[in-house]
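Trainee: All I have is the shape, not the residue letters:
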């Protein structure tokens, strides 16, 4: 009976040791090139963000037209008008701007919409200059990395830059199944990818767009893993001490 107890205890300790392991570069390292077990992603051409319904457009009109300056600035003395305001894109895909009929903007890039609005204004004001920008340039991060809403501070914001804004990826984060929820053609689309391979660069998963939601779930095996090898060695030492103590008292 004592022998069976010893075998049982030994097997239990071995099982715990086997289940406990350390995080290593193959599991957590980014931009890996020589890991053949990782997926290889094809490169994809960057597609600029296209305006959607309910987007907020920041509109800026610049002109020296005296009459328009008086109308918009309520009789101000400055005729070098620099007027900025924000307008929401309607459900029919148009935006209503001062002195213009509705302008179709959904499906256009910011530069395309800017050119169209400028063209329409110059029919009324020959020296008109228009600048458009997206007001709702934010993305959301949730999961095992920290949570928050952050600004898309530049074009071609990469997934690495986006994640760094919310803090470094936790060791327990599942790098194999990072997800981006993105609206495509009016419907939510889930893009799932492994962030570790070097081929992620310039792939369709590489850039983050306004209104994206990035989700990093906790790895299923993270409960059994140690952050460092010293922790792992400490666990083995403690387990062996426990085993020796138990065997001593059993004997």
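Mentor: Okay, I see it. Nothing here was measured: the structure is a model prediction, and the numbers come from that model.
Trainee: would you say residue 162 is within a strand?
Mentor: No. Counting by DSSP: H, G, I helix; E, B strand; the rest coil, residue 162 is not part of a strand but helix.
Trainee: residue contacts, it?
Mentor: Listed by Cβ atoms under 8 Å, 6 or more residues apart in numbering, the contact partners of residue 162 are 139, 141, 150, 208, 212, 214. For glycine as for every other residue, the C-beta is placed from the backbone atoms N, C-alpha and C.
Trainee: let's see it at 7 Å
Mentor: Going by Cβ atoms under 7 Å, 6 or more residues apart in numbering, residue 162 touches 139, 208, 214.
Trainee: pretty sure residue 110 is touching residue 132, no?
Mentor: Yes. The criterion here is Cβ atoms under 7 Å, and residue 110 meets it with residue 132 at 5.5 Å.
Trainee: ok, these two, which is more surrounded?
Mentor: Set side by side, residue 110 and residue 132 show more neighbours around residue 132, with 25 against 20, by other Cβ atoms under 10 Å.
Trainee: Now for residue 178: which residues touch it?
Mentor: For residue 178, counting by Cβ under 7 Å, 6+ apart, the contacting residues are 193, 195, 216.
Trainee: Look up phi and psi at the nearest residue to the first one once chain neighbours are set aside.
Mentor: It refers to residue 193. Using Cβ to Cβ, 6 or more residues apart in numbering and skipping the chain neighbours, the partner closest in space to residue 193 is residue 205 (4.3 Å). Phi and psi for residue 205, reported as degrees, to the nearest 10, are phi -100, psi 0.
Trainee: Could you say which helix or strand holds the closest residue in space to residue 167 that isn't next to it in sequence?
Mentor: Distances taken as Cβ to Cβ, 6+ apart place residue 146 nearest to residue 167, at 4.4 Å, with adjacent residues excluded. Using DSSP states H and E, residue 146 sits in no helix or strand.
Trainee: secondary structure class for residue 115?
Mentor: helix.
Trainee: For it, give its distance to residue 124.
Mentor: Taking Cβ to Cβ, to the nearest Å as the measure, residue 115 falls 16 Å from residue 124.
Trainee: Ok, residue 204 next?
Mentor: Remark: distance between residue 204 and residue 124 (Cβ to Cβ) = 41 Å.
Trainee: Also residue 98?
Mentor: On the measure of Cβ to Cβ, residue 98 and residue 124 end up 10 Å apart.
Trainee: One more: residue 203?
Mentor: Applying Cβ to Cβ, the value for residue 203 to residue 124 is 45 Å.
Trainee: ditto for residue 210
Mentor: Residue 210 sits 30 Å away from residue 124, going by Cβ to Cβ.
Trainee: Compare those two (neighbour count), which wins?
Mentor: Neighbours around residue 210 and residue 124, counted as other Cβ under 10 Å, are more numerous at residue 210. The numbers are 18 against 12.
Trainee: residues in contact with residue 86?
Mentor: Contacts of residue 86 by Cβ under 7 Å, 6+ apart are 56-58, 135.
Trainee: Please identify which helix or strand holds it.
Mentor: Per DSSP H and E, residue 86 falls inside strand 81-88.
Trainee: What strands line up against the helix or strand following that strand, and which way round?
Mentor: Next in sequence after strand 81-88, counting helices and strands by DSSP H and E, comes strand 94-95. In the sheet containing strand 94-95, its partner strands are strand 103-104 (antiparallel), by DSSP bridges.
Trainee: which stretches of this structure form helices?
Mentor: Along the chain, counting by DSSP state H, helices occupy 2-19, 25-28, 66-72, 110-122, 159-165, 229-250.
Trainee: I'm done for today, thanks for sticking with me.
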